[in-house]
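[1] Build me a model from this:
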Amino acid sequence: MAESKAVPWWRCCLLYLASGSAWVTSIPLLMLALGGSLQPHMGWCKSLLTAVSMFAVLVQVDQLFATVAVVLVSFSSALLARAGPAFLLAAVASWMTLLNARRRVCAPSPKLLEFQYQGYQGYHQRSELRFDDEEALGSEKAGGRFFACHPHGILSVGFCSNVVWGRKFHEVVGHCKYLIDPTLRNKGLLAKFFLDAFEGPHGAIRDTRAATIQDLMEKGESISMTPGAYQEAPARGGGNLFLALLVWITPEVTKQKVSAWGGLSWLPTWFEAFRFLI
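    All right, here's what the predicted structure looks like:
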């Protein structure tokens, strides 16, 4: 296995800040840009309320249509105002909306992946992944395996640093698809640069829609995700940690689709393992 090089902690911290900001600040930046393009006519308060209302509607529809709507509204406002800042903000709002309309925003980047290998783990005093029996996982080229990571937590730090961007996990498991929330994956705005750059021989990041999961299962792909998410919050109490699991595939569909993974024998074992945690 390749050995990780030591990375200064401040660089690891900057990596976390950059990736975290891409998730957290994308929508507020879009609201400010879109609202700013409308501001000459409506004032900041009304323009921001209009931007938020537009976003609440447009995020639910086809993103190409959303891009066209933002371009028309923002640049029309800028043209009527004849103001340079309004044109600039309209361009920023249109560009950010276009990110969600594009299937891919950048090419895979092995250099960025290498830096993330080192940076995400290097931020913590101790961050590691241990396998009790690597041979039980089979060949790294074997497919049809499901890796459920628990707990989800607030930012899924363990899942991100040790699994998705974990060098050891990639070397032991091989090609795998890592699943996250559909809105985060497909409508993450600036975060899409990190997600698209991740793709390579080790795998790719996909969404958790039922259609996506069933398609990957049919193809015999290995997948990994963190069951739970916000469902963990109401299930936590009395000092005990519970696992909440939402099953979105019906038994009828499961019998047809899971056959590609060699039958249903793995399902009872998998569910029994989670019942033990509940």
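[2] Identify the neighbouring strands of the helix or strand containing L179 in the sheet and state each direction.
    Per DSSP states H and E, L179 falls inside strand 176-180. Next to strand 176-180 in the sheet, as set by DSSP bridges, lie strand 203-207 (parallel), strand 223-225 (parallel).
[3] Let me know the average pLDDT across the longest one.
    With pLDDT averaged residue by residue, strand 203-207 scores 94.
[4] Equivalent analysis for the last one, please.
    Over the span of strand 223-225, the pLDDT mean works out to 88.
[5] just stretch 75-83 next, same as before
    93.
[6] and it, which residues are buried?
    Within stretch 75-83, the residues that qualify as buried are 75, 77-78, 81, 83, counting by 16 or more other Cβ atoms under 10 Å. Every C-beta, even on glycine, is put in place using the N, C-alpha and C of the backbone.
[7] follow-up on the earlier one: next SSE after the strand holding L179?
    Downstream of strand 176-180, the first helix or strand assigned by DSSP H and E is helix 182-186.
[8] Can you pull the phi and psi angles for E128?
    Backbone torsions for E128, taken as degrees, to the nearest 10, come to phi -150, psi 160.
[9] I'd say C12 and Q116 touch.
    No - counting by Cβ atoms under 8 Å, C12 stays clear of Q116, with 9.9 Å between them.
[10] Contact partners for Y16?
    In this structure, Y16 makes contact with 119-120, 123, judged by Cβ atoms under 8 Å, 6 or more residues apart in numbering.
[11] Return the set of buried residues in the helix or strand hosting it.
    Per DSSP H and E, Y16 falls inside helix 9-24. The neighbour-count check on helix 9-24 (16+ other Cβ under 10 Å) flags 12, 15-16, 19, 22 as buried.
[12] In this protein, where is pLDDT below threshold?
    Applying pLDDT under 70 to the chain flags residues 1-5, 133-142, 151, 153-154, 228-278.
[13] Which parts of it are helices?
    9-24, 26-58, 63-81, 84-101, 110-122, 157-159, 167-173, 182-186, 192-197, 210-218, 251-257, 266-277 (DSSP state H).
[14] I'd like these laid out as a markdown table, including distance to G143.
    Shown next, in a markdown table, are the helices of the chain (distance: least, Cβ to Cβ, whole Å):
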| stretch | distance to G143 |
| --- | --- |
| helix 9-24 | 28 |
| helix 26-58 | 33 |
| helix 63-81 | 31 |
| helix 84-101 | 30 |
| helix 110-122 | 21 |
| helix 157-159 | 20 |
| helix 167-173 | 10 |
| helix 182-186 | 21 |
| helix 192-197 | 22 |
| helix 210-218 | 9 |
| helix 251-257 | 14 |
| helix 266-277 | 13 |
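[15] so which of those comes closest to A148?
    helix 266-277 (7.5 Å; Cβ to Cβ).
[16] Can you give me the domain boundaries for the chain?
    Here the domain parsing of the chain from automatic domain parsing is 10-101, 110-128+137-277.
[17] which among the buried residues of stretch 75-83 gets closest to L49?
    Of the buried residues of stretch 75-83, the one sitting nearest to L49 (Cβ to Cβ) turns out to be S77, at 14.7 Å.
[18] dump the residue contacts of the closest one.
    Contacts of S77 (Cβ under 8 Å, 6+ apart): 37-38, 40-41, 86, 90.
[19] repeat for S74
    Here S74 is in contact with 33-34, 37-38, 89-90, 93-94 (criterion: Cβ under 8 Å, 6+ apart).
[20] about what we covered before: what angle sits between the strand holding L179 and helix 210-218?
    Orientation check (axes from the mean of the first three to the mean of the last three Cα atoms, to 10 degrees): strand 176-180 against helix 210-218 gives 170 degrees.
[21] Could you list the residues in contact with strand 176-180?
    Against strand 176-180 from outside (Cβ under 8 Å, 6+ apart): 145, 147, 163-164, 170, 202-208, 212-213, 216, 221-225.
[22] Surely P227 is in contact with F146?
    No - here P227 lies out of contact with F146, judged by Cβ under 8 Å, at a distance of 10.1 Å.
[23] separation between the closest residue in space to G166 that isn't next to it in sequence and Q121?
    Among residues not flanking G166 along the chain, L129 sits closest, at 5.5 Å (Cβ to Cβ, 6 or more residues apart in numbering). Distance, L129 to Q121, using Cβ to Cβ, to the nearest Å: 9 Å.
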